[in-house]
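1. What would the 3D arrangement of this be:
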Amino acid sequence: MITNPEVNDLSEELSPEIQILTFVLGEEEYGVNIVEVKEIIEYAPMTKIPSAPVYLRGVMNLRGSVVPVIDLATKFGFPESKVTKRTCIVIAEVDHEGKKELMGLIVDRVNQVMDILPDDIEPPPAFGTSIQSNFIRGLAKRDKTFIIILAVDKILSLEEMKIGFSAFTAAK
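-> This is a model prediction of the structure:
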């Protein structure tokens, strides 16, 4: 039985199946709930932000909205993502303190949208992962492996998003 409230929240969102967008960072497969994904766009250069954390690659203008873009690999403590022809930016909408915000996530490549049953989701482990456990919503069983389901709203704090917005508006 799933006891982690983050996993329970996820499994109740789209019962009986949950749709997950899966993508790759390095050699690991990750996923996010499809309801958090607004679109997937081709990687494009962005405005760099002076003195920003290394994982905050910059900001982009997406149809008039300022969108902070983070390198998930760097945020998780892995080497910086190398941009290839398959590199994408997943645009996610997150709820921070009751306010909807857009955030771009650089991923090495997008795989697929898959349906997962709530019973196939395990709570995040208390050990054995280099990613902060609060970033992980759960682990989805897939054959003999797992897909790490991320809690997008926990990856970038509202304060970090404000850094991106402040730098972008100051540059105008």
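2. Helices of the protein, start to end?
-> Ranges of helices in the chain, per DSSP state H, are 5-13, 72-75, 152-155, 158-171.
3. Give me the contacts around the second one.
-> In this case it means helix 72-75. Contacts with helix 72-75, where a contact means C-beta atoms under 8 Å, 6 or more residues apart in numbering, come from 25-26, 30, 54-55, 79-81, 105-108, 155-156. Every residue, glycine included, has its C-beta placed from N, CA and C.
4. Looking at these, which are in strands?
-> L25, Y30, L105, I106, V107 (DSSP state E).
5. For H96, state which of the residues you listed is nearest.
-> Nearest to H96 out of these is L105 (C-beta to C-beta; 15.0 Å).
6. can you pull the contacts of the closest one?
-> V32, V69, I70, L72, I89, V90, I91, A92, V152, I155.
7. now the first one, which residues is it bridged with?
-> The partner list for V32 in beta bridges (DSSP bridges) reads L21.
8. Would you mind measuring from it to K48?
-> Distance from V32 to K48, counting by C-beta to C-beta, to the nearest Å: 25 Å.
9. Repeat that for V67.
-> 14 Å.
10. For these two, indicate the residue with more neighbours.
-> V67 (24 against 12; other C-beta atoms under 10 Å).
11. thought the more buried one was touching G58?
-> No: between V67 and G58 there is no contact under C-beta atoms under 8 Å: 9.7 Å.
12. pLDDT below threshold where in the chain?
-> 1-15, 126-133, 156-172 (pLDDT under 70).
13. check contacts around the residue most central in space within it.
-> Geometric centre of the chain, nearest residue: V152, 4.5 Å, by C-alpha atoms, centre = their mean. For V152, the contact set (C-beta under 8 Å, 6+ apart) comprises V32, N33, E36, A92, V94, M103, L105.
14. Take the contacts of helix 72-75 and lay them out in CSV including distance to P16.
-> Shown next, in CSV, are those (distance: C-beta to C-beta, whole Å):
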residue, distance to P16
L25, 29
G26, 32
Y30, 23
V54, 41
Y55, 36
P79, 39
E80, 39
S81, 35
L105, 27
I106, 32
V107, 27
D108, 31
I155, 27
L156, 30
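15. K99: which of these is nearest?
-> Nearest member of the contacts of helix 72-75 to K99, counting by C-beta to C-beta, is L156, at 13.3 Å.
16. what about L62, distance to K99?
-> 17 Å.
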